[in-house]
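Asker: sequence and predicted structure are below.
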Amino acid sequence: MTTVQFDGTWLGGEGRLTPEELQTVTFPVSRLGRRGYEEEPVRAFLRVVHGEFVRLVNERSSLWQEVQRLRRRILAGEVDGNDPQAVLFGEQDAHVHAVRILSTAQVTADRYVADAQAYSSRVTEEARLRRDEIVRQAQQHSDMILEDAHARAREAAVSALNLPASPQTDREQRAAQAELAYLRTYSDVYRSHLRAYTEGILRGIDEWERKEAASFQEAAAAQEAAAVQEAAPGQVNQLPGHVNHRSIGR
Amino acid sequence: MDVARLRESFARVAMHGDELPLFFYSDLFIKHPEVRDLFPVSMATQRGHFVDALVKIVSRADSVDDLTAFLQGLGRDHRKFGAVAEHYDAVGSSLLATIQHFSGPAWTPELAADWRAAYELIASVMTTAAAADEQRQPAWWRGTVVASERRAFDVCVLFVRPEPRMDYLPGQSVAIETPSRAKLWRYYSMANAPRPDGMLEFHIRLIDGGAVSMALTSDAIVDTELRLGPPVGALTLSQPSSGRDLLLVAGSTGLAPLKAILDQVTALPQPPKVHLFFGARTADGLYDLDSLEKMAAQHPWLAVTSAVSADPRFEGETGSLPDVVARHGDWSGHEAYLAGPTEMVQEAVTRLASAGLAKDHIHIEDFGWSEP
């Protein structure tokens, strides 16, 4: 599908706006600091306009075809003034009627496919954005851990250097001690961050498991309740499928 | 046959926009229900193609060579869709019925004769080209997916064994249809030169909402039988070789045709110098960098530069691919091959041209009429 960017002038093919163009039009983003409409309500409105537009176009075309048909029949001199049925249901028009019915069915099918495709496109796009965000956060987090570990290890090394040195301690040994202190602190800090991070992930998995078990239980209970309701005659105020659906969707 | 009268008639019926092809296909399917199976569930795109083809035919009615070439291509192209000679009569009768329906009182016996003659001419050029093509190659190849490698969260590399063996030029593409997305054909480039075992490599990127790419990147694709159309495309090494060094610019899975060309160059007795630029949005989009770097280590004539456009942490070239290519100096003496997202390719072409590389030496993918 090609995207049309609306720049205030218009219009695409042969100067006529089509429902498809309504679905794909984009608008330039307003410059920073300037007020503009929220994008989503504009999109939602365009969807409404699109639906209405399609309906009008179809209505108009079926009216046009009706006019053509009646005109043809009048020109052909087939109209029998005493029999209005002849105008409405002439045999020759059966085919054009069939064509119109099939066309309407086809357009409906097209719309289902287009809707499904738009939906899948939205879901994939959202998943991609979420993934980018999760990766970005994880990178930031790991940067932070490394930076923190560096900073604290540096402190430890500096304090090791500043220890009062005994006369027999040469500089090399002091440097080695500083290095050791640096590495020890670095790995301590890194380890504790890693532990906290891993624990966080494990907590997330526990939570997930717990929720899944709870929703299974709930679904089973609901199914049981539904079965009981179904068995009791005269108590059909809630369809079993409905109960089931609700509890799983929760 | 009065071309001016036909044009005028077409202009009148074309005003009805989408109603025209809608009526045409419904009429066709009611009279010949078996033809419906040749088309996808949604006909929205198909109707657009139908009108586009009619507009092209009418607008080129004066330049016979141009029109003939277009129709021959169209005829060959329709073989893989399962179109046979009998279908052409059915289409002709529905086309006439449609134009008659929308012409209203303007429909005369002379106009009907004009349209019939015009359609017969069109159909004969198309069927003749299709018949000649039938002597040369199958309408489509059976392609079994032997393996699928997920290289990034949205990129898969497929290995497909065609039956019978397919001959093609490195850089060419085929239209692919998967069983789960019947009658939807999408073009993909082979990513290797023809091999002794005939295996084809394809690089598939998952497009948001892309029906076919979604099926092709699914894990269930292994062992499925695809249909492959005949190889098409002119993004191929110039023959005889120009003797110039090569610049290859690949954005994302646009790498596929260029890797096929690289594959071909590797087998040359005296390969030219090749500089391959491979760009993606983020580092994990450089899904084939390992194998490219391995090749670069093996072949002294090959240099590979990778670049990432939306990840400042990347420890290599960052920025848009056209920028990165331009930063790397003077390409005016090269033969350039580009593939990837349309905007990136166009931008790179503009930059190379303004830096003094003649258009003749810039090669891009051009599917022309063949776009399904």
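Answerer: Nice, thanks for sending it over.
Asker: quick one: the strands in the chain?
Answerer: By default, I'm working from chain A. A:4-5, A:25-26 (DSSP state E).
Asker: try chain B instead
Answerer: Under DSSP E, chain B gives strands at B:141-152, B:155-163, B:173-177, B:186-189, B:200-205, B:225-228, B:245-251, B:274-280, B:302-308, B:317-318, B:334-339, B:362-364.
Asker: ok, which of these comes nearest B:L292?
Answerer: strand B:302-308 (4.8 Å; CB to CB). No exception for glycine: its C-beta is placed from N, CA and C like everyone else's.
Asker: is there proximity between the closest one and chain A?
Answerer: No: legend: contact between strand B:302-308 and chain A by CB under 8 Å from any CB of the partner chain is lacking; minimum distance shown is 13.5 Å.
Asker: which strands and helices sit next to that strand?
Answerer: Contact here means 3 or more CB pairs under 8 Å, 6 or more residues apart in numbering or on different chains; DSSP states H and E; on that basis strand B:302-308 packs against strand B:274-280, helix B:289-298, strand B:317-318, helix B:321-327.
Asker: pick the most buried one from those.
Answerer: strand B:274-280 (a mean of 25; mean count of other CB atoms under 10 Å in any protein chain shown).
Asker: related to what we said a few turns ago, just put the helices and strands packed on strand B:302-308 in JSON lines and tack on mean pLDDT and distance to A:D206.
Answerer: Putting the helices and strands packed on strand B:302-308 into JSON lines (pLDDT from 0 to 100; distance: least, CB to CB, whole Å) gives the following:
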{"stretch": "strand B:274-280", "mean pLDDT": "94", "distance to A:D206": "37"}
{"stretch": "helix B:289-298", "mean pLDDT": "94", "distance to A:D206": "37"}
{"stretch": "strand B:317-318", "mean pLDDT": "90", "distance to A:D206": "40"}
{"stretch": "helix B:321-327", "mean pLDDT": "91", "distance to A:D206": "45"}
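Asker: how close does the residue in the stretch 1-150 of chain B that chain A sits nearest to sit to A:Q117?
Answerer: Closest approach between the stretch 1-150 of chain B and chain A, counting by CB to the nearest CB: B:S42, at 3.7 Å. Relative to A:Q117, B:S42 is positioned 8 Å away (criterion: CB to CB, to the nearest Å).
Asker: do B:L228 as well
Answerer: 24 Å.
Asker: same check, this time on B:L169
Answerer: 34 Å.
Asker: repeat that for B:A215.
Answerer: From B:A215 to A:Q117 the distance is 13 Å (CB to CB).
Asker: next, the residue nearest to B:R281 when sequence neighbours are not counted: phi, psi?
Answerer: Counting by CB to CB, 6 or more residues apart in numbering or on different chains, B:R281 lies nearest to B:A310, which is 4.6 Å off, once chain neighbours are set aside. With angles defined as degrees, to the nearest 10, B:A310 sits at phi -130, psi 40.
Asker: hmm, B:G279 and B:A310 touching each other?
Answerer: No: at 10.5 Å, B:A310 does not count as touching B:G279 under the criterion of CB atoms under 8 Å.
Asker: I'd like to know which elements whichever helix in chain B runs longest is packed against.
Answerer: Counting by DSSP state H, the longest helix found in chain B is helix B:109-136. In terms of contacts (3+ CB pairs under 8 Å, 6+ apart), helix B:109-136 is packed against helix B:3-14, helix B:64-77, helix B:85-103.
Asker: redo those helices as TSV? Include mean neighbour count and distance to chain A.
Answerer: As requested, the helices and strands packed on helix B:109-136 are exported to TSV (neighbours: other CB atoms under 10 Å in any protein chain shown; distance: least, CB to the nearest CB, whole Å):
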stretch	mean neighbour count	distance to chain A
helix B:3-14	15	8
helix B:64-77	18	20
helix B:85-103	18	7
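Asker: the closest residue to chain B within chain A: how many residues sit nearby?
Answerer: Of all residues in chain A, the one sitting closest to chain B is A:S121 (2.5 Å; CB to the nearest CB). Counted by other CB atoms under 10 Å in any protein chain shown, the residues lying close to A:S121 total 17.
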